[in-house]
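*Asks:* coords please:
(one chain, ligands or ions: 3)
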Amino acid sequence: MKRIVKECTIIQSQEVPIREKNIVLIGFMGVGKTTIGQLVAKKLYRDFIDIDEEINQSFDLPTTEIFRLHGEAEFRRVERETIVHHCAHSRLKVIALGGGAYMQEEVRRVCLDHCIVFLIDLSWDSWKDRLPLILDSRPVLQNKTLEEIEELFLTRKAAYSLHNSRVDADQLEPEKTAEEIVQSIKTVWDIYQPHHG
Ligand SMILES: Nc1ncnc2c1ncn2[C@@H]1O[C@H](COP(=O)(O)OP(=O)(O)O)[C@@H](O)[C@H]1O
Ligand SMILES: O=C(O)C1=C[C@@H](OP(=O)(O)O)[C@@H](O)[C@H](O)C1
Ligand SMILES: [Mg+2]
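*Replies:* Ligands and ions are numbered 1, 2, ... in the order given. Modelled structure (predicted):
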């Protein structure tokens, strides 16, 4: 528990009790949002939604082909609409965003207004080792030097600082990170909406 720091107050609404709010995972590409999101969903008996997967299905194309054929701006438009749809109009889901999605103001607002937002945080040193695993499938990383990627990593940190909780995933297996998130979520539920009787 000592790793987790709560940054933003969770917005409480009349319509969706906190125990039913969607849980949204944010963070830089490759930190493990998709992998860990699936594990968190399983542990909480929830459906998992990967926003990139939803976008790929709607285009019937992988992300690299969407960028190549339709351009990044069109990808971002569909990404924003997909996130608004799922975050504002569903409940009891675990949702993994793509790393760039949270750069859009509307995405940050809908996530923080309707969901519990978890940052999966990784140091640059740990992240660098992941690069070979993701390079080919992330169009944003193409034709960039390591210095340029580090600059992007640092620039995006400011947006990611808007979250409800974070977990430091350095040196943690996905299973362990997922368990930390689940424990933190259960603590939040008990604080905001304790069971009676
Ligand atoms: N804790 C971890 N340790 C080592 N590799 C990991 C960890 N979490 C994810 N990975 C690997 O890193 C890559 C990116 O993971 P992914 O879940 O797709 O991240 P994201 O959705 O944040 O881009 C995958 O190859 C995955 O197997
Ligand atoms: O950071 C980004 O701009 C992107 C991250 C990717 O998702 P992951 O964060 O799951 O890798 C995917 O949405 C797309 O390649 C763009
Ligand atoms: Mg992902």
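
*Asks:* in which helix or strand would I find the nearest residue to I11 once chain neighbours are set aside?
*Replies:* If the residues on either side of it in the chain are set aside, I11 comes closest to D113, at 5.6 Å by Cβ to Cβ, 6 or more residues apart in numbering. Using the backbone N, CA and C atoms, a C-beta is placed for each residue, glycine as well. D113 is located in helix 105-114, with elements delineated by DSSP states H and E.

*Asks:* what do you get for V117?
*Replies:* V117 belongs to strand 116-121, assigned by DSSP H and E.

*Asks:* got the buried residues for the helix or strand following that strand?
*Replies:* Per DSSP H and E, the first helix or strand lying C-terminal to strand 116-121 is helix 124-128. Residues of helix 124-128 classed as buried by neighbour count (16 or more other Cβ atoms under 10 Å): W127.

*Asks:* quick one on the thing from earlier: now for the helix holding D113, which elements pack on it?
*Replies:* For helix 105-114, the elements it packs on are helix 72-89, judged by 3 or more Cβ pairs under 8 Å, 6 or more residues apart in numbering; DSSP states H and E.

*Asks:* can you tell me if the helix it packs on touches ligand 1.
*Replies:* No. Helix 72-89 does not reach ligand 1 (Cβ under 6 Å from any ligand atom); its nearest approach is 13.6 Å.
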